[in-house]
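In: Let's see this in three dimensions:
(one chain, ligands or ions: 2)
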Amino acid sequence: MPKFAANLSMLFTEAPFLDRFALAREAGFDGVEFLFPYACEAQQITERLRRHQLELVLHNLPPGDWAAGDRGMACDPRRVEEFRAGVALGLEYATELGTPRLHCMAGIVPPGLDPARARDTYLDNLRYAADQCRPHGIALMIEPINHFDMPGYFLNHSWQARELITASGCDNVFLQYDIYHMQRMEGELVNTIRANLPLIGHMQLADTPGRHEPGTGEINYRFLFQQLDAMGYQGWIGCEYVPQGDTASGLRWRAALTA
Ligand SMILES: O=C(O)[C@@H](O)C(=O)CO
Ligand SMILES: [Mg+2]
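Out: Numbers count the residues shown, from 1 in each chain. Ligands and ions are numbered 1, 2, ... in the order given. Sure, this is the predicted structure:
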């Protein structure tokens with residue numbers, strides 16, 4: 001059975017952020033992830049992780065001004081300094097929290113920017129961030145995101161991520177394969193996961209339409225979980241979905257789809 005981590009930015013939002021760790025433990029999770037820890041002191045989060053004996057599996061580098069529409073900035077040549085400052089802050093948190101994986105968001109392509117320049121900037125920034133992460137044993141994730149939810153986002157396809165990882169030449173850059181985004185962009189889930197398995201450093205899930213619990217949409221999760229086991233995927237799968245009702249009752253899918 002796959003190892004599921006609770007995404008605390010999406011699950012248990014009935015409670016304030018720091019209280020979600022206890023709820024994840026009560027619901028039987030051993031691992032958690034979240035998008036951004038930066039509104040809290042790192043030490044407050046470490047205390048919750050220890051108190052509830054939870055493994056932190058992933059968080060993101062700072063995304064810029066999320067409320068203003070930023071979704072990272074790694075492809076933007078005008079914001080390289082800001083990107084580097086974000087890497088420093090992300091690493092400050094990651095080293096305190098013991099985060100093994102950091103997701104580096106690509107960003108929305110600025111209007112009028114030549115796509116080749118966006119790609120070169122993203123690659124340079126990835127190499128910089130990967131070099132900063134390496135001494136700490138931290139892996140850098142890149143995640144293709146569907147263009148319906150995030151119009152203009154630079155990275156939308158698994159083949160694009162694969163090409164960038166190869167071009168980066170870095171041994172600590174991996175694919176964050178989010179099943180929800182990839183179903184919306186590509187389908188062909190099992191074959192794509194199998195073909196990219198050595199590059200996949202983390203997975204996430206939700207069903208579609210709606211980005212709700214597995215079993216609420218078109219993805220055959222029972223089959224997919226069996227296939228992941230059969231192909232030997234040993235990593236975490238972050239539960240990154242919008243619960244249809246309350247989080248705890250929505251979690252019945254785990255027993256129903258993995259039995
Ligand atoms: O899938 C997502 O949306 C997230 O994994 C993320 O990192 C950015 O929103
Ligand atoms: Mg995701």
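
In: Pull out the CA atoms of the helix or strand containing Leu56 and give them to me as PDB.
Out: According to DSSP states H and E, Leu56 maps onto strand 55-60. Below are the C-alpha coordinates for strand 55-60, written out as PDB (Å, rounded to 0.1, in the frame of the first residue of the first chain):
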ATOM      1  CA  GLU A  55       7.600  13.000   9.400                       C
ATOM      2  CA  LEU A  56       7.700  16.200   7.200                       C
ATOM      3  CA  VAL A  57       8.000  15.000   3.600                       C
ATOM      4  CA  LEU A  58       7.800  18.200   1.600                       C
ATOM      5  CA  HIS A  59       7.200  22.000   1.500                       C
ATOM      6  CA  ASN A  60       7.700  24.600  -1.200                       C
END
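
In: Now the element after it, going C-ward?
Out: Taking DSSP H and E, what comes next after strand 55-60 is helix 80-97.

In: Please state the offset of that next one from the chain centre?
Out: The chain centre lies 16 Å from the centre of helix 80-97; the measure is Cα atoms, centre = their mean, to the nearest Å.

In: And stretch 4-12, by the same measure?
Out: Counting by Cα atoms, centre = their mean, stretch 4-12 comes out at 11 Å from the chain centroid.

In: check whether that stretch contacts ligand 2.
Out: No: for a cut-off given as Cβ under 5 Å from the ion, stretch 4-12 has no contacts with ligand 2; the smallest distance is 8.0 Å. All C-beta atoms are positioned from the backbone trio N, CA, C, and that covers glycine.

In: Restricting to C-alpha, output that stretch in PDB.
Out: What follows is stretch 4-12, C-alpha atoms only, in PDB (Å, rounded to 0.1, in the frame of the first residue of the first chain):
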ATOM      1  CA  PHE A   4       0.100   8.700   2.200                       C
ATOM      2  CA  ALA A   5       1.100  12.100   3.700                       C
ATOM      3  CA  ALA A   6      -1.500  14.600   4.700                       C
ATOM      4  CA  ASN A   7      -1.200  18.000   2.900                       C
ATOM      5  CA  LEU A   8      -1.900  20.400   5.700                       C
ATOM      6  CA  SER A   9      -2.500  23.300   3.400                       C
ATOM      7  CA  MET A  10      -5.500  21.500   2.000                       C
ATOM      8  CA  LEU A  11      -6.700  19.000   4.600                       C
ATOM      9  CA  PHE A  12      -7.900  19.700   8.100                       C
END
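
In: which residues touch that stretch?
Out: By Cβ atoms under 8 Å, 6 or more residues apart in numbering, the residues outside stretch 4-12 that reach it are 17, 19-21, 23-24, 27, 29-36, 55, 57-58, 204, 236-243, 247, 254.

In: List, out of those, those positioned next to ligand 1.
Out: Among the contacts of stretch 4-12, the ones lying near ligand 1 by Cβ under 6 Å from any ligand atom are Leu35, Gln204, Glu240.

In: Can you name the residue of the chain nearest ligand 2?
Out: Asp178 (3.6 Å; Cβ to the ion).

In: buried residues in stretch 164-172?
Out: Within stretch 164-172, the residues that qualify as buried are Leu164, Ile165, Ser168, Cys170, Asn172, counting by 16 or more other Cβ atoms under 10 Å.

In: Could you do stretch 1-9 as well?
Out: Using 16+ other Cβ under 10 Å as the test for burial, stretch 1-9 gives Pro2, Phe4, Ala5, Ala6, Asn7, Leu8, Ser9.

In: and if you look at stretch 251-259?
Out: Leu251, Trp253, Arg254, Leu257.

In: ditto for stretch 223-232
Out: Leu224, Phe225, Gln226, Gln227, Leu228.

In: Could you do stretch 88-105 as well?
Out: For stretch 88-105, by 16+ other Cβ under 10 Å, it's Gly90, Leu91, Tyr93, Ala94, Leu97, Thr99, Pro100, Arg101, Leu102, His103, Cys104, Met105.

In: Would you reformat those as a markdown table and include pLDDT and distance to Thr13?
Out: Output for the buried residues of stretch 88-105, formatted as a markdown table (pLDDT from 0 to 100; distance: Cβ to Cβ, whole Å):
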| residue | pLDDT | distance to Thr13 |
| --- | --- | --- |
| Gly90 | 98 | 23 |
| Leu91 | 98 | 27 |
| Tyr93 | 98 | 21 |
| Ala94 | 98 | 23 |
| Leu97 | 98 | 20 |
| Thr99 | 98 | 21 |
| Pro100 | 98 | 25 |
| Arg101 | 98 | 22 |
| Leu102 | 99 | 23 |
| His103 | 99 | 19 |
| Cys104 | 98 | 25 |
| Met105 | 98 | 21 |
